[in-house]
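Colleague: have a look at this prediction, sequence included:
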Amino acid sequence: MPPVRKAVILAAGMGTRMLPATKAVPKEMLPIVDKPLLQYAVEEAAAAGIEQVIFVIAEGKEAVREHFGAGGRVAALLRAKGDAAGLALVEGPAQLVRFAYVYQDAPLGQAHAVNCARDLIAGEPFALFFADDLILGPEPCIGELIAAHQATGGSVVGVEEVPAEQIPQYGIVEPATGESGNPLRLSGLVEKPRLEDAPSNLGVVGRYVLSATTLDHIERSRPAIAGTEHYITDVLLSQLAAGEPVSAMRFKGVRYDTGRPLGYLVANIAAAFEREALRQPLAERLRAFLGG
């Protein structure tokens, strides 16, 4: 089984649910405590052994390149001041992995965005991140999925149990008959089903490891109507129809949806509580705020 060496991170979205903050600032660059959201994803990838990260970006996302690039005005000023600690903070992201950038010129869906990176990922399995999902836990979530991919030989999606009222907001996996393990072999997926039609309560979140056949299945599963959005779910269903293994992995960490204001606020608190220097003073402020 070939190793998973590359990750594709989708960062071309408009961020409309976080306006007006995202009018001029890419949603993926909004801070979680004191680091942009994208840096958490890159650190997760690096901790799992990923060697190269490919960002799929769009016009107006130049801040992504600037953050993960070497040098720049801030680095020059810190170097001139002899501020080694500050310099390490601003130059550290550029040293995590190798970076590449491709552009998605139209909002035509996740599978279309992945296909924009075709020249860099053809012929090998790769990790896929939706940057809106911040996952904090004892080990990198994508590392768990990579291990599951090595064990199953096919694509793997990260899943979590979804409250009944939220099921229509998710892609929901259908376990194969008699399957109950982790990873869990699948027979299907349903995009945003009605509660009564949902085959399980396991919703797909923004972490995938996709097999080397993925680009072929992107071609096979293209929408019949030009200009229609093309989803990763379509690609996974094409793999299943071809008899390829697709599995779901219930990861150990906790996932926070930063694409909405409430989820973004909760993610900031959760990330702050992971830092010893912030945990107690933040807890005291929150207790005072809540009147407890």
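Modeller: Alright, I've got the coordinates.

Colleague: okay, strands next: where are they in this protein?
Modeller: For the chain, the strands defined by DSSP state E cover 6-11, 31-32, 35-36, 52-57, 98-103, 126-130, 133-136, 155-161, 171-175, 184-191, 202-210, 246-250, 254-257.

Colleague: and the third one, which strands flank it?
Modeller: On the basis of DSSP bridges, the sheet neighbours of strand 35-36 come out as strand 31-32 (antiparallel).

Colleague: average pLDDT for the partner strand?
Modeller: Confidence over strand 31-32 (mean pLDDT, whole number) is 96.

Colleague: off-centre distance for that strand?
Modeller: Averaging C-alpha positions (C-alpha atoms, centre = their mean, to the nearest Å) puts strand 31-32 15 Å from its chain's average.

Colleague: which residues touch it?
Modeller: By C-beta atoms under 8 Å, 6 or more residues apart in numbering, the list of residues contacting strand 31-32 from outside reads Leu37, Tyr40, Leu134, Thr258, Ala267, Asn268, Ala271. All C-beta atoms are positioned from the backbone trio N, CA, C, and that covers glycine.

Colleague: can you rerun that using 6 Å?
Modeller: The contact list for strand 31-32 (C-beta atoms under 6 Å, 6 or more residues apart in numbering) reads Ala267, Asn268, Ala271.

Colleague: what mean pLDDT does the longest helix along the chain get?
Modeller: Taking DSSP state H as the criterion, the chain has its longest helix at helix 276-290. Averaged across helix 276-290, pLDDT comes to 94.

Colleague: also stretch 38-53?
Modeller: 98.

Colleague: any buried residues in that stretch, and which?
Modeller: The neighbour-count check on stretch 38-53 (16 or more other C-beta atoms under 10 Å) flags 38-46, 48, 50, 52-53 as buried.

Colleague: once you drop chain neighbours, what's closest to Val162?
Modeller: Gly203 (3.8 Å; C-beta to C-beta, 6 or more residues apart in numbering).

Colleague: right, and that neighbour touches Tyr170 too?
Modeller: Yes: shown here, Gly203 and Tyr170 form a contact pair, counting by C-beta atoms under 6 Å, at 3.3 Å.

Colleague: so between these two, which is more surrounded?
Modeller: Gly203 (23 against 20; other C-beta atoms under 10 Å).

Colleague: check contacts around the more buried one.
Modeller: Contact analysis of Gly203 by C-beta under 6 Å, 6+ apart lists Val162, Tyr170, Ile172.

Colleague: please apply the same query to Thr233.
Modeller: Thr233 neighbours (C-beta under 6 Å, 6+ apart): Gly171, Leu189, Glu191.
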